[in-house]
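In: have a look; sequence and predicted model below, questions after that.
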Amino acid sequence: MTESSQLDTSHKYSLTVRIFIGMLAGAGLGLLLNALFGDSGDASFSMGEFTFSTKGFLVDGVFAALGQIFIASLKMLVVPLVFISLVCGTSSLSDPSKLGRLGGKSIGLYVFTTAIAITTAITAALIFKPGAGLNLATEAEFTAKEAPSLVQVFVDMFPANPINAMAEGNMLQIIVFAVIVGLALSLSGAPGARIRAAFEDLNTVVMRIVTMIMNLAPYGVFVLMAKLFATIGLETILGLAKYFFLLLFVLIAHGLITYPILLKTLSGLSPLMLLKKMRSTAVFAFSTSSSNATLPVTMDTAQHKLGVKSSVSSFTIPLGATINMDGTAIMQGIATVFIAQVYGVDLSVTDFLMVILTATLASIGTAGVPGVGLIMLAMVLQQVNLPVEGIALIIGVDRLLDMTRTAVNVTGDCMVACIVAKSEGELDETIYNDPDADKLT
């Protein structure tokens, strides 16, 4: 029994079950508050000179504060975890050329799955026509931030100031700097070995913090879901029901069909084992709606539940959290066709090929930009001369769909990590095939 498993024996249910219970309970409470008070927050109470609305106090006060603290606690770990684990993984490579193979395989697989995702999405949207016959109000405005050029993205990957890159959480720059430090340690003989040992100790401490925070995950998930469903009404979803459920279906199909087929074809590993062990991570990603916030959990799952050795997981998982955007690509494909149908614009075969190419390249090209999903969609719409203002039509339901996209993305990250690790002989198949491996996470 692992040390982390021993920590879990005091609980009647596994962490996966407790997170799922927290998610359902939070969603139920949020819907109840929404049904009772709507947007008015009529029920109120007084404390001296101050008067509080019940819904406002709970949702914008208690739930918002606890949720932000929980997310901040996770993000606190992202930079040290990525930097330390990647330095450890890179410095352990006896053959520096192996790093090039890892990078080539990882990026190639991420781009390939993104191309599959958006092609599937466009095909589904053309078949089911989610925007046909809709007359939606378009008074709302959307202004997209300008995305950098692909050349500028590659230039910006190299940090002029590594400390500033860490302070800003620029993942691509942190990855590049960590790889350089790790390679330097591996080539520095005895001094490098001593510093590497210190990094290994630091990595153990950081992973222990991950375990501590994960024990609080059910409560963090509860408040996040309660706040979300207290502010999003069902009428918002019903107004775009066909778009919403089509996108949801394609996202789920990509996670449950495309990934298992690729995993079985390219590695021979059991897809059911992967999906089973990804349950708690996917639920966690769904709740946080952030691949970066979920990164500590994803890395822990890859190493301790799937058996991906740190020399591979420390590189492929952070890279995937930065550039793997299959869920976003699916949204772009369906949203582009949806907006074209709403505005009555017929797209040609050339337009669709341009959408596929632009979205696939943009999955890397806009990796470090805030609000990346909407920026990428704005880029795609501009490529085929569709009005960017059409994004305003789907913003109302995008939050829930973004949560599902994140769950799909982290599943793809671990799938690619397993394939790359198996091809490099860096996968412990005993751990992968053990259904009870590290139940805590």
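Out: Cool, the structure landed.
In: OK, contacts around Lys227?
Out: 30, 59, 63-64, 67 (CB atoms under 8 Å, 6 or more residues apart in numbering). All C-beta atoms are positioned from the backbone trio N, CA, C, and that covers glycine.
In: in a strand, it, correct?
Out: No. Under DSSP: H, G, I helix; E, B strand; the rest coil, Lys227 sits outside any strand and is assigned helix.
In: now do the strands in this structure.
Out: 44-47, 50-53 (DSSP state E).
In: show the average pLDDT along the first one.
Out: So the one you mean is strand 44-47. Mean pLDDT, computed over strand 44-47, is 51.
In: try the last one
Out: Per-region confidence: strand 50-53 scores 52 on mean pLDDT.
In: number the chain from 586, please
Out: Let's use 586 as the start, then, which means that last one is strand 635-638.
In: nearest spatial neighbour of the residue sitting nearest the centre point of the chain, skipping sequence neighbours?
Out: Centroid check for the chain by CA atoms, centre = their mean gives Ser876 as the closest residue, at 2.6 Å. Nearest residue to Ser876, sequence neighbours excluded (CB to CB, 6 or more residues apart in numbering): Ala906, at 4.4 Å.
In: ok, how many other residues are close to the one you found?
Out: A count of neighbours around Ala906, defined by other CB atoms under 10 Å, yields 24.
In: contacting residues for it?
Out: 756, 876-877, 879-880, 883, 994-995, 998.
In: Thr699: neighbouring residues, count only.
Out: Around Thr699 there are 27 residues (other CB under 10 Å).
In: so what's it up against?
Out: Counted by CB under 8 Å, 6+ apart, Thr699 has contacts 909-911, 914, 944-945, 948.
In: now, among those, which is nearest to Val982?
Out: Looking at the contacts of Thr699 and their distance to Val982, the nearest is Ala914, at 17.9 Å (CB to CB).
In: need the pLDDT of the closest one.
Out: Ala914 carries a pLDDT value of 86.
In: same thing with the one 4 residues further on?
Out: Note for Gly918: predicted pLDDT of 90.
In: isn't it up against Val940?
Out: Yes. Counting by CB atoms under 8 Å, Gly918 does reach Val940; the two are 6.7 Å apart.
In: my guess is Asn755 contacts Pro744. True?
Out: Yes. Asn755 is within contact range of Pro744, at 7.2 Å (criterion: CB under 8 Å).
In: ok, back up a step: shared neighbours of Gly918 and Val940, anything?
Out: 703, 707.
In: OK, contacts around the residue nearest to the centre of the chain?
Out: 870, 883, 905-906, 909, 991, 994-995, 998.
In: if we can go back for a sec, which one among the contacts of Ala906 sits at the bottom for pLDDT?
Out: Scoring these by pLDDT puts Met756 last, at 73.
In: out of the helices and strands in the chain, which is least certain?
Out: Counting by mean pLDDT, DSSP states H and E, the chain has its least confident helix or strand at helix 588-592, which shows a mean of 40.
In: do you know the pLDDT at the residue nearest to Ile924 when sequence neighbours are not counted?
Out: Nearest non-adjacent residue to Ile924, counting by CB to CB, 6+ apart: Gly975, 3.6 Å away. What the model reports as pLDDT for Gly975 is 76.
In: how far away is Gly975 from Arg603?
Out: Distance, Gly975 to Arg603, by CB to CB, to the nearest Å: 41 Å.
In: which one's more surrounded, the two?
Out: Gly975 (24 against 20).
In: assess the claim that the more buried one and Val927 are in contact.
Out: Yes. Contact criterion CB under 8 Å: Gly975 and Val927 qualify, at 6.7 Å.
In: quick one: mean pLDDT for the helix ranked longest in the chain?
Out: Using DSSP state H, we find that the single longest helix of the chain is helix 682-713. Confidence for helix 682-713, expressed as mean pLDDT, is 89.
In: report the distance from that helix to the chain centre.
Out: Relative to its parent chain, helix 682-713 has a centroid offset of 15 Å by CA atoms, centre = their mean, to the nearest Å.
In: what are the buried residues along that helix?
Out: 684, 687-688, 690-692, 694-696, 698-707, 709-710, 713 (16 or more other CB atoms under 10 Å).
In: for the residue lying closest to Phe713 once chain neighbours are set aside, what are its contacts?
Out: Nearest residue to Phe713 in three dimensions, chain neighbours excluded: Leu831, at 5.4 Å (CB to CB, 6+ apart). Shown in contact with Leu831 (CB under 8 Å, 6+ apart): 709-710, 713, 715, 919.
In: can I get those residues in JSON lines including distance to Tyr804?
Out: Compiled in JSON lines, the contacts of Leu831 are given as follows (distance: CB to CB, whole Å):
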{"residue": "Ala709", "distance to Tyr804": "37"}
{"residue": "Ala710", "distance to Tyr804": "38"}
{"residue": "Phe713", "distance to Tyr804": "39"}
{"residue": "Pro715", "distance to Tyr804": "37"}
{"residue": "Ile919", "distance to Tyr804": "34"}
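In: which one among the residues you listed gets closest to Leu621?
Out: Pro715 (32.1 Å).
In: before we move on, back to that, tabulate the contacts of Ala906 (a markdown table), appending distance to Met810.
Out: Shown next, in a markdown table, are those (distance: CB to CB, whole Å):
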| residue | distance to Met810 |
| --- | --- |
| Met756 | 26 |
| Ser876 | 18 |
| Asn877 | 19 |
| Thr879 | 15 |
| Leu880 | 20 |
| Thr883 | 20 |
| Asn994 | 19 |
| Val995 | 18 |
| Asp998 | 23 |
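In: among these, which one lies nearest to Ile1004?
Out: Asp998 (11.2 Å).
In: burial count for the residue nearest to that closest one when sequence neighbours are not counted?
Out: Spatial nearest neighbour of Asp998, excluding adjacent residues (CB to CB, 6+ apart): Gly905 at 3.4 Å. A count of nearby residues for Gly905, using other CB under 10 Å, gives 29.
In: ok, Gly905 touching Leu694?
Out: No. The pair Gly905 and Leu694 does not pass the contact test of CB under 8 Å, sitting 9.2 Å apart.
In: what residues are shared contacts of those two?
Out: Common contacts of Gly905 and Leu694 (CB under 8 Å, 6+ apart): Val1001.
In: quick one: pLDDT of Gln888?
Out: 91.
In: grab the nearest non-local neighbour of it.
Out: Excluding its sequence neighbours, the residue lying closest to Gln888 (CB to CB, 6+ apart) is Ser898, at 5.2 Å.
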